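Asker: Here is the input, now give the coordinates:
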Amino acid sequence: MADIFTAKEMEGIEPLGQAKRAIRHTLERIRNHPEVGFYLGVGTQTFSLLTEAAATLYGEPVEKVRTHFAPQNPLDPYSEGGDS
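Answerer: This next block holds a predicted model:
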């Protein structure tokens, strides 16, 4: 089993490609996972920074990126209907 602190998933990918992959992965988690969307979605600095960076990297308008990656069904995990 690989050591979590030394394992690499993107070895051999150039830095810009690594940045794009990491940002896209995080935005997809925000969009597709209700609890993540609740904590890191629209209205958070995290969402603003990631979507602005993605828009710049992909040459897209920031509004288009924010709409595309907006959380589908954000859910407070501590509210009624949450998993806790």
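
Asker: Now do the nearest residue to Lys64 once chain neighbours are set aside, the pLDDT please.
Answerer: Nearest non-adjacent residue to Lys64, counting by CB to CB, 6 or more residues apart in numbering: Ala55, 7.5 Å away. In short, each C-beta sits where N, CA and C put it, glycine included. On pLDDT, Ala55 comes in at 98.

Asker: Just say helix, strand or coil for Ala55.
Answerer: Secondary structure for Ala55, judged by DSSP: H, G, I helix; E, B strand; the rest coil, is helix.

Asker: okay, now it: neighbour count?
Answerer: 16 (other CB atoms under 10 Å).

Asker: what do you get for the one 5 residues further on?
Answerer: Counted with other CB under 10 Å, the burial measure for Glu60 works out to 13 neighbours.

Asker: residues contacting the closest residue in space to it that isn't next to it in sequence?
Answerer: Among residues not flanking Glu60 along the chain, Ala54 sits closest, at 7.5 Å (CB to CB, 6+ apart). Ala54 makes contacts with 20, 23-24, 27, 60, 65, 69, as judged by CB atoms under 8 Å, 6 or more residues apart in numbering.

Asker: re earlier: gap between the residue nearest to Lys64 and Asn32?
Answerer: 19 Å (CB to CB, to the nearest Å).

Asker: cool, and Lys20?
Answerer: 18 Å.

Asker: Please say which of the two ends up with more neighbours.
Answerer: Neighbour count, other CB under 10 Å: between Lys20 and Asn32, Lys20 has more, with 16 against 13.

Asker: where along the chain do the helices fall?
Answerer: 15-32, 34-40, 45-58, 62-69 (DSSP state H).

Asker: can you list the residues that contact the second one?
Answerer: Spelled out, that is helix 34-40. In contact with helix 34-40 (CB under 8 Å, 6+ apart) are residues 26, 29-31, 46-47, 71-77, 82-83.

Asker: What residues sit buried inside that helix?
Answerer: 34-38, 40 (16 or more other CB atoms under 10 Å).
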